[in-house]
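Engineer: whatever this is, show me its structure:
(2 chains)
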Amino acid sequence: MTAQDATAAAQPEPIRLRGERRRWGEDVVKGILALCALVSVATTIGIIIALVEPSIEFFREVSIVDFFSGDRWAPLFTPASFGIQPLLVGTLVVTFWACVVCLPCGLGAAIYMSEYARPRVRNVLKPALETLAGIPTVVFGFFALTFFTPLLQDLGLGVNVFNVLAAGLVVGVMLIPVVASVSEDAMSAVPQELRDGAYALGSTRLQVSTRIVVPAAISGIIASYMLAISRAIGETMIVLIAAGGIAKITFDPREQSQTMTAFIGATGIGDIPTGSIEYKTIFAVGLTLFVITFAMNMLSIRLVRKFREIYE
Amino acid sequence: MSVTTESLGSRSHGDRVRGTAFYVLLLVSVTIGFLLLGVLLVDVIRKGIGYVDPTLLNEPNSSDPNKAGAGPAIRGTIYMMILLLVMVVPIGVGTALYLEEYANRERWYNRLLEINIQNLAAVPSIVYGILGLAFLVRGIGLGRVLLAGALILTLLVLPTVIVASREAIRAVPDSIRQGAYALGATQWQVVWRQVLPASIPGIATGSILALARAIGETAPLLLVGALTYVAVNPTLLGSYTALPVQIYQWIARPQEEFRVLAAAGIIVLLVILLTMNAFAIWLRNRYQRRW
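Structural biologist: Prediction:
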């Protein structure tokens, strides 16, 4: 009747913003990308199956109580003995000496980069630390065996040709960049206002660093520590090369000792027959290693999320 | 009552001493790593430079240290690098695109996926070796071949590539995406023609760094059988060895001559790795865009 009705009749439908048809190509692409993402899920599942299945077979032959309570590790001897404690102690001692180096130095480096260094210095330091982190572990192992151990001998420490001390300290140096970069991330997430407030109250730079920034970033720092400890526990080549190959319970770092990883490496090199008990020990020790590092990683990931939630 | 300017401007003697001592401690923490790196480089070069010659680069290993070389090992490493590049970059970038552009963060499975990747990044490398031993070498009967080594290294550095690619993709500002959508682009068109080209420098840098890390890995390769005597050029499904493994083999020998040879091998390995690192850093500085 009116002009308005006429236009309504001429435009029977509103303009459709959605596409006319479903774009299958888009779904295919999304599916392919999701498949890529599934590769990493499959990796985790694969690792768990690869470790658990032979380990179950292993524990059918060796009692789990003997495995954890035994203090003699001699799987290749007759009579064989499967007490994992010597390997755990070896790992513990190496990790301890690594921590002696990497925990304080990593934190110090992080404080320096976050609170003291000028931007230009930081821009040089960060890639330099990345490079240090990129040196292959076999190179560090060579260094520990052929330079560091002789150095310790010259210092009159009475160390063995293969010793835990040199291996542990070099592992520690290797992990400085790990601690430094994660801790520095946490420190730079601390709001500038907190620092300004402390300076306004007359604090020195030392006080701001140790009483404001470090406590505020503590969850990130602990996360970096957990990550470094987990990496020290899982480090293979340095200990395989420099710490020796005899599994025994000793807390004396000047002697040689074997870690879990070094055992796996040393045993895996040979072409041992599938299904033999020696073959299965690799997996039982590997499972123990994986469970320990997995627990530490999850804790570390949780702590990182915590500091992200607080300040970002 | 009165706060004088002196009391504001000056610090007590104790504060200054403590401050300086702390600063020195920090400097020591930062430099100790580099100091050691410097000593390491000088030591390795001093020991091994005399052995870096055509024999080392071309000849196969030998029980006579004067004839022994790392030719097959170097070629094995290069082949593995190419295989890795072909496998890890598409999967890694694909995963990163899925997580950044497609995945809904609220869904539990996507959060689980993220935690899973973070965790995989920290799994000890030797555990990947065990995975390879169980599934590739023994499980599907691939044997101790080059492909098995390359596959394991792919899985090992996949998390690193994913994390680096995600950062690069996240750095592309949303306004670019909004603009493309406003012009009627579909999601894939936005990703393929806008987001991906803009994030290529970051992805390339991260991938090269990850590749450099993979090339230096030794432990997992010990378990997937790179520790064999190989006189011929490696093939995809043939036995192989890699440079770091060859170096380890030499270190493990008791004779001093092989230690020297190991130092020479390390020089070659470090030259390859530092070149890759430098290229990655150059790429980042040259092409990184600030939005």
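
Engineer: ok, and the closest non-adjacent residue to residue 100?
Structural biologist: All of this is about chain A. By the measure of Cβ to Cβ, 6 or more residues apart in numbering or on different chains, the closest residue to residue A:100 outside its immediate chain neighbours is residue A:172, 6.4 Å from it. Using the backbone N, CA and C atoms, a C-beta is placed for each residue, glycine as well.

Engineer: think we crossed wires, I meant chain B
Structural biologist: residue B:169 (4.5 Å).

Engineer: how far is the one helix or strand the one you found maps to from where the chain is centred?
Structural biologist: With elements delineated by DSSP states H and E, residue B:169 resides in helix B:146-170, which encompasses its position. Its chain's average C-alpha position is 9 Å from that of helix B:146-170, according to Cα atoms, centre = their mean, to the nearest Å.

Engineer: residue contacts, the residue nearest to residue B:100?
Structural biologist: Shown in contact with residue B:169 (Cβ atoms under 8 Å, 6 or more residues apart in numbering or on different chains): B:96-97, B:100-101, B:195, B:199, B:202-203.

Engineer: how about a markdown table for those, with pLDDT and neighbour count added?
Structural biologist: Listed next are those as a markdown table, based on pLDDT from 0 to 100; neighbours: other Cβ atoms under 10 Å in any protein chain shown:
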| residue | pLDDT | neighbour count |
| --- | --- | --- |
| B:96 | 95 | 27 |
| B:97 | 94 | 26 |
| B:100 | 92 | 18 |
| B:101 | 91 | 18 |
| B:195 | 93 | 20 |
| B:199 | 91 | 25 |
| B:202 | 89 | 23 |
| B:203 | 92 | 21 |
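
Engineer: now, these that are in helices?
Structural biologist: Residues of these located in helices (DSSP state H): B:96-97, B:199, B:202-203.

Engineer: so the helix or strand hosting residue A:296, near chain B or not?
Structural biologist: Taking DSSP H and E as the criterion, residue A:296 maps to helix A:277-311. Yes - under the criterion of Cβ under 8 Å from any Cβ of the partner chain, chain B is reached by helix A:277-311 at A:282-283, A:286, A:289-290, A:293-294, A:297-298, A:300-301.

Engineer: buried set for the helix or strand encompassing residue B:110?
Structural biologist: With elements taken from DSSP H and E, the one containing residue B:110 is helix B:108-121. For helix B:108-121, burial by neighbour count (16 or more other Cβ atoms under 10 Å in any protein chain shown) applies to B:110, B:113-114, B:116-121.

Engineer: quick check: mean pLDDT of that helix?
Structural biologist: Model confidence over helix B:108-121 averages 90 on the pLDDT scale.

Engineer: relative to chain B, which residue of the stretch 201-312 of chain A is the closest?
Structural biologist: Using Cβ to the nearest Cβ, the single residue of the stretch 201-312 of chain A nearest to chain B is residue A:234, 2.6 Å away.

Engineer: still on that earlier bit, any idea how far residue A:180 is from the residue nearest to residue B:100?
Structural biologist: Applying Cβ to Cβ, to the nearest Å, one obtains 26 Å for the distance of residue B:169 from residue A:180.

Engineer: tell me the domain boundaries of chain B?
Structural biologist: Residue ranges of the domains in chain B are recorded as B:12-51, B:54-287, according to automatic domain parsing.

Engineer: quick one: distance of the longest one to the chain centre.
Structural biologist: If I follow you right, that is domain B:54-287. Relative to the mean C-alpha coordinate of its chain, domain B:54-287 is positioned 6 Å out (Cα atoms, centre = their mean).

Engineer: point out where the chain drops to low pLDDT.
Structural biologist: No chain was given, so I picked chain A. In the predicted model of chain A, residues A:1-21, A:271, A:307-312 satisfy pLDDT under 70.

Engineer: the intended chain is chain B.
Structural biologist: For chain B (pLDDT under 70), the answer is B:1-11, B:226-233, B:289-291.

Engineer: quick check: longest helix of it.
Structural biologist: Longest helix in chain B, counting by DSSP H: helix B:13-48.

Engineer: return the set of buried residues in that helix.
Structural biologist: Applying a neighbour-count criterion of 16+ other Cβ under 10 Å, one finds B:18-19, B:22-23, B:26, B:29-30, B:32-33, B:36-37, B:40-41, B:43-45, B:47-48 buried in helix B:13-48.

Engineer: please apply the same query to stretch A:90-102.
Structural biologist: Along stretch A:90-102, these residues count as buried under the neighbour rule (16+ other Cβ under 10 Å): A:90-91, A:93-99, A:101-102.

Engineer: just curious, which of these is nearest to residue A:51?
Structural biologist: Distances from residue A:51 to those, taken as Cβ to Cβ, are shortest for residue A:91 (17.0 Å).

Engineer: and what about that closest one, helix, strand or coil?
Structural biologist: Here residue A:91 is recorded as helix under DSSP: H, G, I helix; E, B strand; the rest coil.

Engineer: up against chain A, what does the stretch 51-200 of chain B have?
Structural biologist: Along the stretch 51-200 of chain B, the residues adjacent to chain A under the rule Cβ under 8 Å from any Cβ are B:90-95, B:97-99, B:102-103, B:113, B:115-120, B:122-131, B:133-135, B:138, B:155, B:158-159, B:162, B:186-188.

Engineer: ok, now with 6 Å
Structural biologist: Taking Cβ under 6 Å from any Cβ of the partner chain as the measure of proximity, the stretch 51-200 of chain B contacts chain A at B:91, B:94-95, B:97-98, B:102, B:113, B:116-120, B:122, B:124, B:126-127, B:130-131, B:134-135, B:138, B:155, B:186-188.

Engineer: any of the residues you listed buried? List them.
Structural biologist: Buried residues within those, defined by neighbour count using 16+ other Cβ under 10 Å: B:91, B:94-95, B:97-98, B:102, B:113, B:116-120, B:122, B:124, B:126-127, B:130-131, B:134-135, B:138, B:155, B:187-188.

Engineer: which residues touch stretch A:81-95?
Structural biologist: A:62, A:67, A:70-75, A:164, A:167-168, A:232-233, A:239, A:247-249, A:257-260, A:263 (Cβ atoms under 6 Å, 6 or more residues apart in numbering or on different chains).

Engineer: in helices, which of those residues fall?
Structural biologist: Among the contacts of stretch A:81-95, the members falling in helices (DSSP H) are A:67, A:164, A:167-168, A:232-233, A:239, A:260, A:263.

Engineer: top of those by neighbour count?
Structural biologist: Each of these was scored by neighbours using other Cβ atoms under 10 Å in any protein chain shown; the highest score is residue A:167's, at 35 neighbours.

Engineer: next secondary structure element downstream of the one helix or strand residue B:213 maps to?
Structural biologist: Using DSSP H and E, residue B:213 maps to helix B:196-216. The helix or strand immediately downstream of helix B:196-216 is helix B:219-223, counting by DSSP H and E.

Engineer: quick one: contacts of that following helix?
Structural biologist: In this structure, residues lying in contact with helix B:219-223 by Cβ under 6 Å, 6+ apart are A:236-237, A:265, A:268-269, B:125-126, B:128-129, B:133, B:149, B:152, B:242, B:245.

Engineer: re earlier: does the residue of the stretch 201-312 of chain A closest to chain B touch residue B:122 like I think?
Structural biologist: No - Residue A:234 lies out of contact with residue B:122 (Cβ atoms under 6 Å); the separation is 8.1 Å.

Engineer: ok, now which ones touch the nearest residue to residue A:101 once chain neighbours are set aside?
Structural biologist: Take residue A:101 and drop its neighbours on the chain: the residue closest to it by Cβ to Cβ, 6+ apart is residue A:172, 2.7 Å away. Neighbouring residues of residue A:172 by Cβ under 6 Å, 6+ apart: A:98, A:101-102.

Engineer: residue A:172 sits in which helix or strand?
Structural biologist: According to DSSP H and E, residue A:172 maps onto helix A:164-188.

Engineer: got the angle between that helix and helix B:13-48?
Structural biologist: Helix A:164-188 and helix B:13-48 meet at an angle of 130 degrees, taking axes from the mean of the first three to the mean of the last three Cα atoms, to 10 degrees as the criterion.

Engineer: centre of the chain versus helix A:164-188, how much separation?
Structural biologist: For helix A:164-188, the distance from its own C-alpha centre to the chain's C-alpha centre is 11 Å (Cα atoms, centre = their mean).

Engineer: that concludes my questions; thank you for your assistance.
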